[in-house]
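> generate a structure from the sequence data that follows.
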Amino acid sequence: MEKLIERTEYLDKISGFKDKDLIKTLTGVRRSGKSTLLRLYQKRLMEQGVKEEQIISVNMEDLRFEDLHDYHKLYDYICSHLVADQMNYIFIDEIQEIESFEKALNSLQLKENTDIYITGSNSRMFSGELSTRLSGRYVEIPVYPFTFAEFLQMNPGNKEERFMQFMKTGGLPAAIDLDEERRTEYLRGIFNTVLLKDIVERRRFSDVVLLETVSRYLADNISNPSSAKRIADYLTSAGRKTTPMTIDNYLGALEDGFLVFAVSRYDLKGKRILERQEKYYFGDLGLRYFLSGNQFRDLGRVLENVVFLELKKRGYTIHTGRTGQEEVDFMATKGDRVYYYQVCASVLDENTRERELRPFMKIQDNYPKILLTLDKIPMTDRGIIHQNIIDFLLEERA
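Numbering: from 1, shown residues only. Predicted coordinates for the structure are as follows:
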């Protein structure tokens, strides 16, 4: 059973759109806490005086609502429960299980006194044609697995020990308290569900084994520059013949299911996005650890994944910054704020420190440049801030 913590940052964001004529859409990988947030928000509504009969809640993974997979029946069910002359708060969990669900949503939104909240585990359903069908009348709120700060709140203790645990366990709430054997089985179930229900079923892929192989390749190569051609060539040389076009489709599908995120490279001199050799990071560290065969390899690259997810949760747009032959791990932007980050396990060795600082020296602007490591000696070197990564993860949000 999931422990509940008040994820007030999310709840406040949802509350900010209360009674607005927008469909509030919570998206993210399965079991990241979207359903729990809906329950916590319903509780908040009732604490604010909303009556229980004004709340209509449908979970499409609950067999009680199996008949509602037809959007006509979903629409009729909700209409039959609407309370006249009062605001009705409508919650539909895992809405991608309903074919043509946008037709029901559009009709419900036309009614007076309806405030709609939905969750989904596939980003593709809110892109392209579907976005047009909803006529832009929705707001997306990404939900991520627990950050390290939330993980520590769930499991108080020595922060260094808990951090090492976090990099293996990940942030899916129900996985945190399981021993390794049970956690492996739990994560296998989530991974298979993402592949089969959120990707294969929706995209009609026929080669599930290849999709799993690509997933494991990405798990072994987080933060390494990758491309569909490079992956296709690698798999073909290993006896698994495929094409770059197929791999490109599979990479897009894995992103749709929030299993991985692609980070493009940004030319800091030319001020343009480079289209080749993206880097991939996992949406949950526990799923990455499971896919890599429960092997903890290359601490530096895992730390990069941790920082990437933290920056995503903080609402930054992220690129890899490139200047000449040098690259800085992350260029994070939000509004007019820009930060540059390098991530490394340790820079106590002078040669390592110079290697990590070198890309910063090539950047010609004055935005903050931050080196994140596990070292406990904070310092400033040539204007570059050297910060402990755990302190960074636990600091007040910027």
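> going forward, measure contacts between C-alpha atoms and count neighbours the same way
Fine.
> can you tell me the SS state at residue 61?
On the three-state scheme (DSSP: H, G, I helix; E, B strand; the rest coil), residue 61 is labelled coil.
> number of nearby residues for the residue lying closest to residue 95 once chain neighbours are set aside?
Spatial nearest neighbour of residue 95, excluding adjacent residues (C-alpha to C-alpha, 6 or more residues apart in numbering): residue 120 at 5.7 Å. Neighbour count for residue 120, taken as other C-alpha atoms under 10 Å: 25.
> touching, residue 120 and residue 27? I think so.
Yes. Assessed by C-alpha atoms under 8 Å, residue 120 is found in contact with residue 27 at 5.0 Å.
> between those two, what contacts are shared?
Common neighbours of residue 120 and residue 27, using C-alpha atoms under 8 Å, 6 or more residues apart in numbering, do not exist here.
> follow-up on the earlier one: ok, the residue nearest to residue 95 - contacts?
For residue 120, the contact set (C-alpha under 8 Å, 6+ apart) comprises 25, 26, 27, 28, 93, 94, 95, 96.
> let's see that with 7 Å instead.
Counting by C-alpha atoms under 7 Å, 6 or more residues apart in numbering, residue 120 touches 26, 27, 28, 94, 95, 96.
> and of those, the nearest to residue 205?
Closest approach to residue 205 among the contacts of residue 120 (C-alpha to C-alpha): residue 96, at 17.2 Å.
> spatially nearest residue to the closest one, not counting backbone neighbours?
Nearest residue to residue 96 in three dimensions, chain neighbours excluded: residue 120, at 5.9 Å (C-alpha to C-alpha, 6+ apart).
> residue 73 too?
Distances taken as C-alpha to C-alpha, 6+ apart put residue 67 closest to residue 73, at 7.2 Å, once the chain neighbours are dropped.
> doesn't the one you found fall inside a helix?
Yes. Counting by three-state DSSP, one finds residue 67 located in a helix.
> any idea how far residue 59 is from it?
12 Å (C-alpha to C-alpha, to the nearest Å).
> neighbour count: these two, which is higher?
More neighbours surround residue 59 than the other of residue 67 and residue 59, with 19 against 12 (other C-alpha under 10 Å).
> how many neighbours does the nearest residue to that one once chain neighbours are set aside have?
The shortest distance from residue 59 to any non-neighbouring residue, by C-alpha to C-alpha, 6+ apart, is to residue 93 (4.5 Å). If you count neighbours by other C-alpha under 10 Å, residue 93 ends up with 22.
> and for residue 389?
For residue 389, the neighbour count with other C-alpha under 10 Å is 21.
> so who does the closest residue to residue 61 other than its chain neighbours touch?
Nearest non-adjacent residue to residue 61, counting by C-alpha to C-alpha, 6+ apart: residue 94, 7.1 Å away. Shown in contact with residue 94 (C-alpha under 7 Å, 6+ apart): 59, 60, 119, 120, 121.
> all set, thanks.
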